[in-house]
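> Below are the sequence and a predicted model for it; my questions follow.
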Amino acid sequence: MVPTPSEPVIAPPPDVTQTPGPVQPPAPLAGEAELPEALGDPGDVPARPPLVVAPPAANTPQADGPSTAQPSRPAAVLPGGVIDSGLRDPLGRSFTYHPPGDLLEGSGGGVKSDTIFAPGMRYPIEAAPAFPNSQVHGNGGHLGPGGGLCDRVNYTYPWRDNFCERRGWNTPACSTGKGHQGQDIRAMDCKKAVHWVVAVEDGTITSIGGWSVKLKGVSGREYIYLHMAMDQLAVRTGSPVKRGQRLGKVSNDFGGQPTSIHLHFEILANVTAPGGATGFRKVPPYTSLVDAYKRLLQGNP
């Protein structure tokens with residue numbers, strides 16, 4: 001596969017409700033800070049409260065409502081290019097999603113690649129439904145159309161990719177070389193520190209920062225989770241974890257900086273980036289999330 005400016009090539013796979021209001025990201029950028037490069041400095045990590053021991057997730061996720069697999073229908077492409085997966089979530093709603101790289105208009109240019117960079121990974125939130133979409137450009141966001149962060153529209157399908165959303169952080173997989181380095185995911189509702197985040201594959205917790213957790217998978221890939229409730233983590237640095245094991249809860253911890261209640265999720269893998277540069281880099285998570293969510297809805301996470 002020949003790399004193009006818009007498509008990186010993967011190498012062989014090694015009620016607590018937030019008060020509605022605008023997200024005001026830290027100046028000068030309208031978005032999330034690039035924490036991962038600073039994750040490894042234990043001197044900057046505050047003392048942790050007692051560990052919250054949580055069991056591995058069950059094969060069939062449990063949530064506030066039904067969580068059994070739903071009957072499937074043939075997949076289809078809807079008007080506007082939205083994809084109907086043919087699957088329904090536990091509430092009976094059709095799982096639809098925009099194609100990879102199809103970002104909100106005016107929010108930047110995405111990576112239009114169907115490559116699944118983490119094949120077989122488990123979905124990072126324990127139970128469906130969940131909603132990947134833009135925080136900054138959605139309702140209640142700093143650059144959004146208005147409304148509040150907990151507005152119903154933020155918790156509906158179709159999904160929307162926001163990897164490479166306009167940011168100032170170096171992201172070689174993006175056509176401009178800069179952009180949002182992961183995918184933002186809302187859980188099933190706007191409740192804080194309720195919904196469990198889980199390990200996407202077997203591995204080890206290699207670093208815990210002020211508002212981030214890094215997992216090194218047995219595949220060689222790395223996964224970074226941001227904004228969990230850091231005082232309720234179920235793991236420590238060095239903890240071995242199994243696929244589906246609970247790590248923490250979806251929240252909005254950001255070192256005192258405002259952000260929405262969501263999980264920011266990143267994947268790092270060996271890739272050839274636009275321009276031919278190879279290395280261990282942040283890659284688009286969206287297609288891997290779509291693939292994992294389908295299996296979650298089918299009852300085989």
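Good, I have the coordinates.
> going forward, measure contacts between C-alpha atoms and count neighbours the same way
Fine.
> And the longest strand seen in the chain, what does it pack against?
The residue-count maximum for a strand in the chain (DSSP state E) belongs to strand 263-272. Judged by 3 or more Cα pairs under 8 Å, 6 or more residues apart in numbering; DSSP states H and E, strand 263-272 is in contact with strand 9-10, strand 183-186, strand 222-226, strand 278-283.
> which non-adjacent residue is nearest R281?
Spatial nearest neighbour of R281, excluding adjacent residues (Cα to Cα, 6 or more residues apart in numbering): L268 at 5.1 Å.
> Provide the partner residues of that neighbour in its beta bridges.
K282 (DSSP bridges).
> Show the pLDDT at it.
The model reports L268 with a pLDDT of 97.
> With T278 instead?
84.
> how close does the residue nearest to it when sequence neighbours are not counted get to P285?
In space, and not counting its chain neighbours, T278 is closest to T272: 4.2 Å by Cα to Cα, 6+ apart. Taking Cα to Cα, to the nearest Å as the measure, T272 falls 16 Å from P285.
> Those two: which has the busier surroundings?
P285 (25 against 22; other Cα atoms under 10 Å).
> pretty sure that one contacts G182?
Yes - counting by Cα atoms under 8 Å, P285 touches G182, with 6.5 Å between them.
> Identify the contacts common to those two.
Shared contacts of P285 and G182, defined by Cα atoms under 8 Å, 6 or more residues apart in numbering, comprise 163, 265-267.
> can you give me the strands in the stretch 151-300 of the chain?
Using DSSP state E, counting those that start in this stretch, the strands of the stretch 151-300 of the chain run over residues 183-186, 196-198, 203-208, 212-217, 222-226, 240-241, 246-249, 263-272, 278-283.
> Make JSON lines out of these and add distance to N139.
JSON lines is the format used below for the strands of the stretch 151-300 of the chain (distance: least, Cα to Cα, whole Å):
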{"stretch": "strand 183-186", "distance to N139": "13"}
{"stretch": "strand 196-198", "distance to N139": "23"}
{"stretch": "strand 203-208", "distance to N139": "30"}
{"stretch": "strand 212-217", "distance to N139": "25"}
{"stretch": "strand 222-226", "distance to N139": "21"}
{"stretch": "strand 240-241", "distance to N139": "35"}
{"stretch": "strand 246-249", "distance to N139": "23"}
{"stretch": "strand 263-272", "distance to N139": "17"}
{"stretch": "strand 278-283", "distance to N139": "26"}
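> The lowest-mean-pLDDT helix or strand in the chain: what's the following helix or strand?
Ranked by mean pLDDT, DSSP states H and E, the helix or strand of the chain with the weakest confidence is strand 9-10, at a mean of 39. Reading on from strand 9-10 to the C-terminus, the next helix or strand found by DSSP states H and E is strand 76-77.
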